[in-house]
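All I have is the shape, not the residue letters:
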């Protein structure tokens, strides 16, 4: 395993090019530093550039591949760009071909080392993600335990470690609440100390997370999934995956989860996984120099993140497939994602943070493998409620985000977090089901009552049914409000766990109600499938909580297959997969009626990332001409222009690139940065500004040949249906399409236009977009 | 739920068209039956057809959509064609738009009914596939039991029903072997009767299956998966999914499985599921009139087939995704597949053919959730063996198929089946592990030895270790031979179960060997992780059988994710997913070194179906020009030709369609059948043959306007890399690409050319192709 210095390996690459290009002598009129970029045709040789048609590539392939080395192998992407998938894939293939074409043993060894590097990164990512997930759990347990008390056996012991030897049902004496530990006698004093410690520490944790995020890595806030979706879709956002972001996100996540804010660790763990694999990829130039390879590994890392967050390796792969659309129909990439997921899950099982030796986080201990037909009624009710509330939560969350952006709060993010944490802690302390950590709550709501176990805060007390129902509904409602506000503050925050908790609380409430009805009217017609004796157990409210959770999740995330798989891997409730599936489907339908976007798609629209949803777009008879920017409104470069004129245009317009035409006929597309890098040294010469740059036409001694800068572009007639244009963007991963008629440019559509079109229905589009680099692909 | 008569609804559709087209009066010079197909332009009106460029569509969209109704809504596909995905999808969208654009309540109701029909078909398919799978199991149990004896409680009782009340460990007295039932006293007489009954009935079952297949539904032979893959990929092969095929395949499958031939039910069940959904789709015109909708439902049905075959709903979905490439990146379709799979699995669980109340077919009852690092050595050995033998099995099977085709056996398929069944039965009767049905064998090989259970034919006898190893290896080797021959005979036959059995036998043998080594040298360094006391159980040979089976499967099918999921859903061995994964990966690598194609891909190549493998194609610097048929070798139609000349060309050349050019410039593409249907009535008139047909140019009174027949086609420059062409075919589901230069046709590539290119390495390509309709898409 050789550790290649990325910078030096890039230099080597350029050196090779230099060697190759020696056969055509550098023009004496160009300064040495750029001379190998120019191309001097033989006098009287064939006209090298044709008017671009359909899918244009410079016809001389050898020339193309050489110019690819020079200009295309490493385009200067900067944050805000969209990558050129075709080109990245082509350069990876080029690299691979060069590797295996080496003679004999050397070729074999090189390709073997190459594959080894890939699997090294994948396995390392899997292991590290698993370790990170495990240690995060342990850290969170310790920190959130600190809010209530400490272990007498050692300050650094968390509650599970502290009470490891104690039998279930016995009281753990080593773990002492603060009141008791500080030796306060009076009950009142004890509760006062308890509540003060709880609120103070919660606020302290949350504000430290916010301080860390704001001071060191602003991109570490929020869930990260919208950004990961955009990045995997081709958006360039390297600073989002930096090592600082990794460190701060992991630390901040532990702090924010421990603070008791209404947030989960799932989305941020996906971000952490991606940062990790990004870090490992920097070891090898084959990944960090190729944007498409990078994204294929990131997809696997994201799957591993979900796998660890839920203990659900298959769910992770399907999440990558469905939500991130990460594998692009390439089953090799999917297999890598699967391997990473499983390795991460196995590592997590090895770390075993909860000391249960199980991957299943929230085991459902249902006494029965069967369910009764009449239960579909409350479950359908839950599904509808889940759809409505899920949709409501999204709307509330967006309203909160928009309000935050436009109000004074935007200026005081740390104070906001502090306030929110204090309020959350104070309110939570009053309601027992809010006070416990969300994952504890969910685990207990999913479990059936069992006389063998300690009752979870009176949940199993049959005489307190109405109190419990009230408390559970209250918990659900309060949590909706808190979650809608919290998801978007300057702390790492995921939305999965709070959503599960809301759904589980409401589901358990409906379950208790149904159970109560049955106990009151055991002989009613509805309950005829149950034994008429109400002391026999017939209705299992724990499973109602699972149904509630999956409905709520479906309403918020709009996932389908991956959601069902995650829920049943999370709970182990394989026998109940049919009702879970039905509730997910109904809830998604109901929620879709209130608006088509899930919470991640909404945030993508809020931040205006160039991301195309993997859904079938249906036009209403529109054609491409209705959506394109017509040629009159486009900034086009002429095939023959003075360099000064080009500079003026480059300085005036900030688009990513420009079409080049000659007498109205399209020659190709030129990327702003490439052109700028190429002409700046020429302009620095004497008389550079008046020198002629030619994208087209025979070169004479004094003109600068710009034709190697021209890029191939997909061309269509402007009369094609808009659906077709959409489909091409999505399936072929294009950045822009030119519209031509007989070779003449008539218009252009960029990915940004397409994204605007698909998010046109969204009222707050771009509200949270960065003011920094222009996020445009034109 | 309204049951629409397909024929009448189609007539309505045409009637509507007729009403619409009334606004341009039919030309009196044309006979009424075709007049609404002609288009009479206004004199002096705009020139309606442009030279085709890029992605050409008739520019007047209203005209286009109307002509779509006339000529495109229902192309006459016949078996052997490849469907036009763009067009099918467009016509479905058109239909949907018409539905929802109806006013008010009517529009809502129509779209609701439409969706209901979809889910009706999906749910019905799921339930029926589940029922079919369950009843097939019951039937097979009865038939294969008959070979050994009968139930004294009734002739129609199978062994499980017969012995239902008997405790495990007790002998079932109601089930009597033939020798005992017929009252034969001597042991020798009993065994003679037993063996004769076994061999005779086996042969009788197999030959009846062959007679059924050959007499009624020749397409019911073999597994069906290669054909389903091709059909879902766009190949038209309706007779493969007919009701007769369904009936014969289901019956024949029960017979052939019961006959003890070395075959499984998995692939044929996928075929049966697809036939069922095809049958249900005929209820509604929205499916049976649209080829792309049809394929989306077929994909779901195929997933359900796998789900029932293995009791693995997730495995089914992933099989559809990975092996069939059936969902085309559309998550709605994947969700439908998931729903169908789960419903089928739940139905199967409800039928509960094995009376275990479990979906898990071959439960692994490992005593331990952990495994030891040194076990990776025998497992890696198994993975390598699995890869080598899997590859060998494919090669042997193809050699057998080729030999059968070219030898006299081809003429006597029933005799061949008879002979093979008799030999299989006779040999199997001698070796105990071959005699039992394969699924019994696999279930027992996967289970650990347990003193509580009856020992499975001495497998757990520690003193008979070497005998058991010998028998297991013998079983594996003999089964490889039998399977290679059987898979391809004229009976329904799947290759999954025999492959699992081979792998399980070899795996168990390696497990026994490892266990024996440990017992002999418990203190060896290798076993230092085990307790030094050999009576303590440390090595679980049952799990070695699972590893063997997954390695063998990976070698034969080359599946990855779906295979791992199927294996762990099949066995419930979630804790051991990491070694399963590693063995699958290694085995696939090893097998790929011997040839890239799995058994299904090989059979697709043997039968030359136009199917593109969902893998990334890498060219070696070739460009499209290297693979295309240059224009000089193409049969092209001229834009203006006498109809007689067109007829002559149509009669001479059997291609699917032809490019149309005018002075070398491409006008479009015309499909053979459409053109023939259009011009035949014209030719029947007096002087029809000399009449001018115009694809292009101003129409005068006497010429026939053929321009509405022109189809849009994708155009590229012939200099583009071949990889790009491949990718476009695969991702955009094209049938052909034209190559042009400045609008002039330079060449053409069809899907058939591309398929030939990707299967060029395969020596026996097309050996088994039908002689019937030409399988060509040109």
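Everything's here; your move. Source: prediction; values computed, not measured.

low-confidence ranges in chain A?
For chain A, the stretches with pLDDT under 70 are A:1-76, A:168-169, A:356-370, A:573-575, A:616, A:698-699, A:701, A:712, A:742, A:770-778.

Show me the domain layout of it.
Using automatic domain parsing, the domain parsing of chain A gives A:117-160+A:177-351, A:387-605, A:624-758.

CSV for those, including distance to residue B:765 and mean neighbour count?
In this view, the C-beta of every residue, glycine as well, is placed from N, C-alpha and C. CSV is the format used below for the domains of chain A (distance: least, CB to CB, whole Å; neighbours: other CB atoms under 10 Å in any protein chain shown):
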stretch, distance to residue B:765, mean neighbour count
domain A:117-160+A:177-351, 23, 23
domain A:387-605, 36, 21
domain A:624-758, 29, 19
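
Tell me which of those lies nearest to residue B:284.
Across the domains of chain A, residue B:284 has its closest neighbour in domain A:387-605 (20.7 Å, CB to CB).

Is it possible to get the domains of chain A out as a markdown table so that each row also shows distance to chain B?
Converted to a markdown table, the domains of chain A look like this (distance: least, CB to the nearest CB, whole Å):
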| stretch | distance to chain B |
| --- | --- |
| domain A:117-160+A:177-351 | 5 |
| domain A:387-605 | 5 |
| domain A:624-758 | 4 |
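
right, and these - which one's nearest residue B:227?
Checked against CB to CB, the stretch from the domains of chain A lying closest is domain A:117-160+A:177-351, at 21.2 Å.

distance between the ends of the closest one?
Using CA to CA, to the nearest Å, the end-to-end distance of domain A:117-160+A:177-351 comes to 26 Å.

and if you look at stretch A:647-664?
For stretch A:647-664, the end-to-end distance is 21 Å (CA to CA).

Equivalent analysis for stretch A:565-584, please.
OK, stretch A:565-584 end separation, CA to CA: 11 Å.

roughly how far is it from the heart of the chain?
24 Å (CA atoms, centre = their mean, to the nearest Å).

same deal with stretch A:120-131?
So, by CA atoms, centre = their mean, the centroid of stretch A:120-131 is 18 Å from its chain's centroid.

likewise stretch A:270-287?
On CA atoms, centre = their mean, the centre of stretch A:270-287 falls 15 Å from that of its chain.

for chain A, what's the longest helix?
Taking DSSP state H as the criterion, chain A has its longest helix at helix A:104-146.

about what we covered before: tell me which of the domains of chain A approaches residue B:589 most closely.
Nearest to residue B:589, of the domains of chain A and by CB to CB, is domain A:117-160+A:177-351 at 11.1 Å.

tell me which strands and helices the longest helix of chain A is in contact with?
helix A:85-100, helix A:159-162, helix A:243-258, helix A:266-281, helix A:285-288, helix A:291-310, helix A:331-351 (3 or more CB pairs under 8 Å, 6 or more residues apart in numbering or on different chains; DSSP states H and E).

Now do that helix against helix A:331-351, angle only.
40 degrees (axes from the mean of the first three to the mean of the last three CA atoms, to 10 degrees).

Which helix or strand contains the nearest residue to residue A:689 once chain neighbours are set aside?
Leaving aside its sequence neighbours, residue A:689 sits nearest to residue A:644 (CB to CB, 6 or more residues apart in numbering or on different chains; 3.2 Å). Element membership for residue A:644, per DSSP states H and E: helix A:643-652.

Compute the inter-axis angle for the following helix or strand past that helix and helix A:643-652.
Per DSSP H and E, the first helix or strand lying C-terminal to helix A:643-652 is strand A:657-662. Angle of strand A:657-662 versus helix A:643-652, following the same axes, to 10 degrees, is 150 degrees.

same for strand A:657-662, what does it pack against?
Partner elements for strand A:657-662 (3+ CB pairs under 8 Å, 6+ apart): strand A:637-638, strand A:665-671, strand A:744-750.

What angle do strand A:744-750 and it make with each other?
180 degrees.

Indicate each strand paired with strand A:657-662 and its parallel or antiparallel sense.
Paired with strand A:657-662 in the same sheet, following DSSP bridges, are strand A:637-638 (parallel), strand A:665-671 (antiparallel).

following the longest one, which helix or strand shows up next?
On the C-terminal side of strand A:665-671, the nearest following helix or strand under DSSP H and E is helix A:672-684.

Remind me what that next one packs against, helices and strands.
If contacts are counted by 3+ CB pairs under 8 Å, 6+ apart, helix A:672-684 sits against helix A:32-35, helix A:643-652.

how about the helices of the stretch 451-600 of chain A, start to end?
A:465-486, A:496-520, A:541-557, A:561-571, A:577-593, A:599-607 (DSSP state H, counting those that start in this stretch).

Any chance of CSV for the ones you listed, columns distance to residue B:625?
Converted to CSV, the helices of the stretch 451-600 of chain A look like this (distance: least, CB to CB, whole Å):
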stretch, distance to residue B:625
helix A:465-486, 59
helix A:496-520, 52
helix A:541-557, 48
helix A:561-571, 43
helix A:577-593, 48
helix A:599-607, 42
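
so how far is stretch A:615-633 from its chain's centroid?
Worked out by CA atoms, centre = their mean, stretch A:615-633 lies 28 Å from the chain centre.

Also stretch A:730-744?
For stretch A:730-744, the distance to the chain centre is 28 Å (CA atoms, centre = their mean).

What of stretch A:255-268?
17 Å.

What of stretch A:104-114?
The answer for stretch A:104-114 is 35 Å, by CA atoms, centre = their mean.

Pull out the buried residues from that stretch.
For stretch A:104-114, the neighbour count (16 or more other CB atoms under 10 Å in any protein chain shown) marks residue A:110 as buried.

List of residues touching it?
For stretch A:104-114, contacts defined as CB atoms under 8 Å, 6 or more residues apart in numbering or on different chains pick out A:2, A:96, A:99-102, A:286.

Just the buried ones from the residues you listed?
A:99, A:286.

Would you point out the most distant pair within the contacts of stretch A:104-114?
A:2 and A:101 (20.2 Å).
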